[in-house]
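# return a 3D structure for these sequence lines:
(chains A, B, C and D)
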Protein chains: 2
Amino acid sequence: MTNPTSTEPRRALTLRDVSEASGVSEMTVSRVLRNRGDVSAATRERVLQASRALGYVPNKIAGALASQRVNLVGVIIPSLSNMVFPEVMTGISSVLDNTGLQPVVGVTNYLPDREEAVLYEMLSWRPSGVIIAGLEHTAPARAMMAQAGIPIVEIMDIDGQAIDSAVGISHRRAGRQMAEAIIASGYRRIAFMGTQMPNDFRAKKRLEGFEEALRRNGLALVDREFYDGGSALLKGREMTAAVLRRSPDVDFLYYSNDMIGAGGLLYCLDQGIDVPGKVGLAGFNGVELLDGLPRRLATMDACRLEIGQRAAQIINARNQTADLGPDVVELFPTLQPGDTIRQF
Amino acid sequence: MTNPTSTEPRRALTLRDVSEASGVSEMTVSRVLRNRGDVSAATRERVLQASRALGYVPNKIAGALASQRVNLVGVIIPSLSNMVFPEVMTGISSVLDNTGLQPVVGVTNYLPDREEAVLYEMLSWRPSGVIIAGLEHTAPARAMMAQAGIPIVEIMDIDGQAIDSAVGISHRRAGRQMAEAIIASGYRRIAFMGTQMPNDFRAKKRLEGFEEALRRNGLALVDREFYDGGSALLKGREMTAAVLRRSPDVDFLYYSNDMIGAGGLLYCLDQGIDVPGKVGLAGFNGVELLDGLPRRLATMDACRLEIGQRAAQIINARNQTADLGPDVVELFPTLQPGDTIRQF
DNA sequence: TTGCGCTATGTTACCGCTAACGGGGCCTGC
DNA sequence: GCAGGCCCCGTTAGCGGTAACATAGCGCAA
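So this is what the prediction gives:
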């Protein structure tokens, strides 16, 4: 264990170790490792060799403190198991990868207090920016973001007041659009199924928009059902069964997400129900999963990839150029009628 | 904008600002905010009030540098869209939440070089531990982890040599077990479908174990098909169609994951194929999704939640108690026959 | 009253790195 | 032949906290 090539170092390596091993000052080592400033090719090579030989890994904590720069971008999302957010992450990464910035993910489980705690923790690392899902936050969370002095991008939703920048779609409008399409296809007795979660504000706004459009057309939801936890696909089956039993005359089933919609679709097909003739179905999100179903569920994509990309672009631009102002970007989802809405 | 209550601070707040606002030393403020050491109730209250009023957020970078302690645990995984890793993350978070440690996720997209880069980046923040998927890493990555002087837990897999600690299942054994169960149920003409990815070592090991068991029973795969990217459910349908066309006499379809297995199952049901009479099916992972399918696919759970929990426990234990040694934990997945393997 | 010990707070010296500046050697032009 | 500039590298002074130690003030027993 006292072997000099042992894998157990007796203490952490610092710039000083590399500088001694290569016979130059710490500053020069620092310059080499960051590719900054002028260093002769010979010295550079010597330093790199020593650094690699020792297995030196720079201490970004010290570096960040000294330079007052942190290449991290906090990303705060409600859930990872949602299928939605991994794709947003992909969009963020695809842009950030070329910028030297790095995303750091925090998960809130749709809990406002947890969001506040995660945000506090993130800000305490002084990131270069924050991307956070939704426009609804606790008052302290809003205050922290407003004070932070870094670009903040609220994503997914634009129905509300952004603290700084925002990228998203109008979920209220999305709900309205879907309702209008459903009504235009001649359906009249419409039921809704969705999550129980009181803090999924976007699902709530979609439902509000949906009901508003129904009202304007002299209609109202015939039935509704909520779920909470468990396998979404299975819950979709169960809720659909319950609704069809309770309200046998419904002719349309609107789901707050594609996963339960897919469950409902599978159930209807199992039962030999004529889709979309007798009953139409629609979900929300445009998840990839749907491509493999026996019939394509009507849905509306939430522009997840692009939301991630645009958000990351805003953070990056603001980091490059001081004095860029806030930027609110509205994206427009397209309705994909699939095979579960009657077409004329 | 020069309004003192403006939300645009002219410069970042430090301990000094809070200490001046509350009339005590920086050290006392530090003690209050960390709940450490003795501070009188009156002073504590005064400090907290000032801190809140200013909207002070401590700078963990400086704190970490001074205390040589970082409450972060790096978690390095290949993908977030896999359904598998979010659940591992849930397990990790559930344990870490009570410890003051915080997970930080890095994604490698199954690329060894990217894994190395992500690891380097993480180690440069001097985390308290690293949880990393798999046992296969580049040589520099292995060296970095061995040198880091922090607990390293390699998860998912135990078929190989761990650098430090490991928690996982034997994928080779899992493949063998599945093959034996299939053979025991009387199936003989078996086909395999899986991902193309050369770096999904665990899928590869499952297949190796599977084929080994076939060989020992005088059998061999009748057909095989690989895919790459796209909707797994859809790919499962397509590959299944292709295999059944090419090899109409197969009586069992073994899938490297549940998602393509589910696609295959839906295809078979669509085609009116007798499952499990004429053709049996099995996947791997035990994803929640399967609960909602018309028939339950045979599978083997990968103990994802428990893997995350045990890994987090190891990191935490090592952080609490110095001189705890490496720990290799093997978990044992159970075969869930579902409705797609003949039962006697 | 004296002195001990405890509690509550302050002081000092870093943690490991980088910004900013300084300066030696060498080349170049006049 | 020497001033001026350029390249390369070193020195200095922090960044914003915290560990460790120092110390003031007080209560209390002898």
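# name the nearest residue to A:Phe85, ignoring sequence neighbours.
Distance criterion C-beta to C-beta, 6 or more residues apart in numbering or on different chains; nearest residue to A:Phe85, sequence neighbours excluded, is A:Ile77 at 4.5 Å. C-beta here means a position set from N, CA and C on the backbone, and glycine is covered the same way.
# I meant to write A:Ala191 there.
A:Asp223 (4.0 Å).
# and the one you found, backbone torsions?
Main-chain dihedrals, A:Asp223, degrees, to the nearest 10: phi -160, psi 160.
# contact partners for A:Gln68?
The neighbourhood of A:Gln68, defined by C-beta atoms under 8 Å, 6 or more residues apart in numbering or on different chains, contains no residues.
# whoops, I mixed them up, A:Ala298
Neighbour list for A:Ala298: A:Gly280, A:Leu281, A:Ala282, A:Gly283, A:Leu335, A:Gln336, A:Pro337, A:Gly338, A:Asp339, A:Thr340, A:Ile341 [criterion: C-beta under 8 Å, 6+ apart].
# so for the residue nearest the centre of chain A, what pLDDT did the model give?
Of all residues in chain A, the one closest to the mean position by C-alpha atoms, centre = their mean is A:Phe85, 3.6 Å from it. pLDDT, A:Phe85: 89.
# can you check the one 4 residues further on too?
A:Met89 is assigned 94 on the pLDDT scale.
# distance-wise, check it relative to DNA strand D.
Using C-beta to the nearest atom of the strand, to the nearest Å, A:Met89 is found at 30 Å from DNA strand D.
# hmm, A:Gln309 and that residue touching each other?
No: A:Met89 sits out of contact with A:Gln309 when judged by C-beta atoms under 8 Å, with a separation of 11.0 Å.
# on the three-state scheme, the closest residue to A:Pro78 other than its chain neighbours is what?
Among residues not flanking A:Pro78 along the chain, A:Tyr110 sits closest, at 4.5 Å (C-beta to C-beta, 6+ apart). Following DSSP: H, G, I helix; E, B strand; the rest coil, A:Tyr110 is assigned to coil.
# what number of residues lie near A:Tyr110?
Other residues near A:Tyr110 come to 19 when the count uses other C-beta atoms under 10 Å in any protein chain shown.
# for it, phi and psi?
Dihedral angles of A:Tyr110 (phi, psi; degrees, to the nearest 10) stand at phi 60, psi 20.
# what's the pLDDT at it?
A:Tyr110 is given a pLDDT of 95.
# same check on A:Arg11?
Confidence at A:Arg11, expressed as pLDDT, is 74.
# against B:Leu335, how distant is it?
Plainly put, A:Arg11 is 49 Å away from B:Leu335 if you go by C-beta to C-beta, to the nearest Å.
# looking at these two, which is more packed in?
Shown here are A:Arg11 and B:Leu335; by other C-beta under 10 Å, B:Leu335 has more neighbours (17 against 7).
# that one and B:Arg176 touch, don't they?
No: using C-beta under 8 Å, B:Leu335 is not in contact with B:Arg176, being 11.2 Å away.
# distance of the closest residue to DNA strand D within the stretch 151-300 of chain A from A:Ile163?
In the stretch 151-300 of chain A, the residue that lies nearest DNA strand D is A:Pro151 (19.0 Å; C-beta to the nearest atom of the strand). Distance of A:Pro151 to A:Ile163, given as C-beta to C-beta: 10 Å.
# and what of A:Ser79?
Counting by C-beta to C-beta - A:Ser79 and A:Ile163 are separated by 22 Å.
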